[in-house]
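Visitor: sequence first, predicted model second:
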Amino acid sequence: MDEKTRQNLIDAGCDEKFIKDFDCCCDKKACERLLSQHRRELLDEIHAKEKNIDCLDYLVYKMNRQ
């Protein structure tokens, strides 16, 4: 794996295990599946944080109505 690809994976939040698994991919489709899975996990984290923010916003809304 070239250094630019490795750095891109690090910048995308991939850990060393993921990078090793990606480097050992036997074909393009397997690599794409790994990337898609990581993307889904990142989106799940974002959605969870959005829910947390919504809860805080609601609490502020309730406090301002009282």
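Guide: Structure received.

Visitor: dihedrals phi and psi, the most centrally placed residue in the chain?
Guide: The chain has residue 42 as the residue nearest its centroid, 2.0 Å off, counting by Cα atoms, centre = their mean. The phi/psi pair for residue 42 (degrees, to the nearest 10) reads phi -60, psi -40.

Visitor: and the gap between the residue of the chain most remote from its centre and residue 60?
Guide: Within the chain, residue 66 marks the point farthest from the mean C-alpha position, 38.2 Å out by Cα atoms, centre = their mean. Per Cβ to Cβ, to the nearest Å, residue 66 is found 11 Å from residue 60. For glycine as for every other residue, the C-beta is placed from the backbone atoms N, C-alpha and C.

Visitor: please apply the same query to residue 16.
Guide: Counting by Cβ to Cβ - residue 16 and residue 60 are separated by 40 Å.

Visitor: picking up where we left off before, not counting sequence-adjacent ones, nearest residue to the residue nearest to the centre of the chain?
Guide: Distances taken as Cβ to Cβ, 6 or more residues apart in numbering put residue 13 closest to residue 42, at 6.6 Å, once the chain neighbours are dropped.

Visitor: that neighbour in helix, strand or coil?
Guide: The three-state label given to residue 13 by DSSP: H, G, I helix; E, B strand; the rest coil is coil.

Visitor: that one contacts residue 39, correct?
Guide: No - in this structure, residue 13 is not within contact of residue 39 by Cβ atoms under 8 Å, at 10.2 Å.

Visitor: ok, back up a step: wait, what's in contact with the residue farthest from the centre of the chain?
Guide: Going by Cβ atoms under 8 Å, 6 or more residues apart in numbering, residue 66 touches no other residue.

Visitor: and it, what pLDDT?
Guide: pLDDT, residue 66: 90.

Visitor: and residue 1, by the same measure?
Guide: Confidence score, pLDDT, at residue 1: 89.

Visitor: do residue 21 as well
Guide: On the pLDDT scale, residue 21 is placed at 95.

Visitor: looks like it contacts residue 31 (just checking).
Guide: No - counting by Cβ under 8 Å, residue 21 does not reach residue 31; the two are 9.3 Å apart.

Visitor: cool, thanks, talk later.
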